[in-house]
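**Student:** only the shape, not the letters, is given here:
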């Protein structure tokens, strides 16, 4: 086991889980006909455009140049205000423009096949809601994008209290990182004997992952609804809502295997017990909660038309 390859997923744009193998922006979704992102977008002028915009087909991957993802999306982790730069498939650009997880995009078809280079400039104080409308308008102008919203019944999940009750604790005061004499095993770039990432010292928020798909997640001073969002759409590919009735704020740490989770979602047994628990088993065994499968109405984005090649700059 390579003990040095663990990726800290804190900071930057949140990971995109799209068919192109790139990261998708994760968004906290409640099961409803209209979510907060849609309602907020309605308060922004629909005619907003970027100050400068360039959209071109990206060159084919050559295997030598690292894939360039997006930067400059307005938000608390934006380190490049006033500029958005991306080399992404149309599918990923749609997810960013409409601020939705991939499960809310109906009929993905071949949207991930064509990659685009996008470079735009905007006022440095542009909000995320304004940016969303600007990017939507850019895709409509350069790719002829036409979409509509439709309510569909999809597979969803609900978080409830398991028999025996919760196993996590009420939030403790924030604990800073350990001193310089802390053990090397406390550093976040190593894994433990079972192949799971080792969290750094303290109790601050942290997420780590190994190349083998073993995930560690630590939350501090979070509600159960925030916990549900943290492990929901990225892990389950569907919304996870909180029905526990718990109203406090808590500290928790949880570890699970994406391989075992994928097998559990398919209803097939895990191929190797050494992979570790699925998210379903981990939530119940480590947190004292339970994930139940249900169906519910979710507002989906339907793509009516989009060109594969943009018009000239």
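**Tutor:** Cool, the structure landed. In this text, all values refer to a predicted model and were calculated from it rather than measured experimentally.
**Student:** the stretch 151-300 of the chain: helices as residue ranges?
**Tutor:** 224-231, 233-236, 258-266, 279-282 (DSSP state H, counting those that start in this stretch).
**Student:** and the angle from the first one to helix 258-266?
**Tutor:** For helix 224-231 against helix 258-266, the angle between stretch directions is 100 degrees (axes from the mean of the first three to the mean of the last three Cα atoms, to 10 degrees).
**Student:** now do helix 224-231: distance to the chain's middle.
**Tutor:** Centre-to-centre, helix 224-231 and its host chain are 12 Å apart (Cα atoms, centre = their mean, to the nearest Å).
**Student:** contacts for it, please.
**Tutor:** Residues from elsewhere that reach helix 224-231, judged by Cβ atoms under 8 Å, 6 or more residues apart in numbering: 28-29, 159, 207, 217, 219, 222, 240-242, 244, 246, 250, 252, 254, 279, 283, 287, 289. Using the backbone N, CA and C atoms, a C-beta is placed for each residue, glycine as well.
**Student:** pLDDT wise, what is residue 153 at?
**Tutor:** The model reports residue 153 with a pLDDT of 92.
**Student:** that one and residue 118, how far apart?
**Tutor:** 34 Å (Cβ to Cβ, to the nearest Å).
**Student:** what about the lengthiest helix in the chain, distance to the chain center?
**Tutor:** When the chain is scanned for its longest helix (criterion: DSSP state H), the result is helix 128-143. Centroid separation for helix 128-143 versus its chain: 20 Å, with Cα atoms, centre = their mean.
**Student:** which other helices and strands contact it?
**Tutor:** Here helix 128-143 is seen to pack against helix 36-41, strand 52-57, helix 90-98, strand 115-121 when contacts are counted using 3 or more Cβ pairs under 8 Å, 6 or more residues apart in numbering; DSSP states H and E.
**Student:** give me the pLDDT for residue 289.
**Tutor:** So, for residue 289, pLDDT stands at 98.
**Student:** list the contacts of the closest residue to it other than its chain neighbours.
**Tutor:** Spatially, and ignoring its direct neighbours in sequence, residue 289 is nearest to residue 283 (5.1 Å; Cβ to Cβ, 6 or more residues apart in numbering). Residue 283 makes contact with 159, 231, 254, 289-291, according to Cβ under 8 Å, 6+ apart.
**Student:** residue 292 bridge partners, please.
**Tutor:** Bridge pairing for residue 292 (DSSP bridges) gives the partners residue 158.
**Student:** that one: what's it in contact with?
**Tutor:** Residues near residue 292 by Cβ under 8 Å, 6+ apart: 157-160.
**Student:** could you do residue 152 as well?
**Tutor:** The neighbours of residue 152, taking Cβ under 8 Å, 6+ apart as the test, are 106, 297-298, 300.
**Student:** please redo it, this time with the cut-off set to 6 Å
**Tutor:** Residue 152 makes contacts with residue 300, as judged by Cβ atoms under 6 Å, 6 or more residues apart in numbering.
**Student:** tell me which residues touch residue 143, please.
**Tutor:** Residue 143 is in contact with 306-307, 310, counting by Cβ under 6 Å, 6+ apart.
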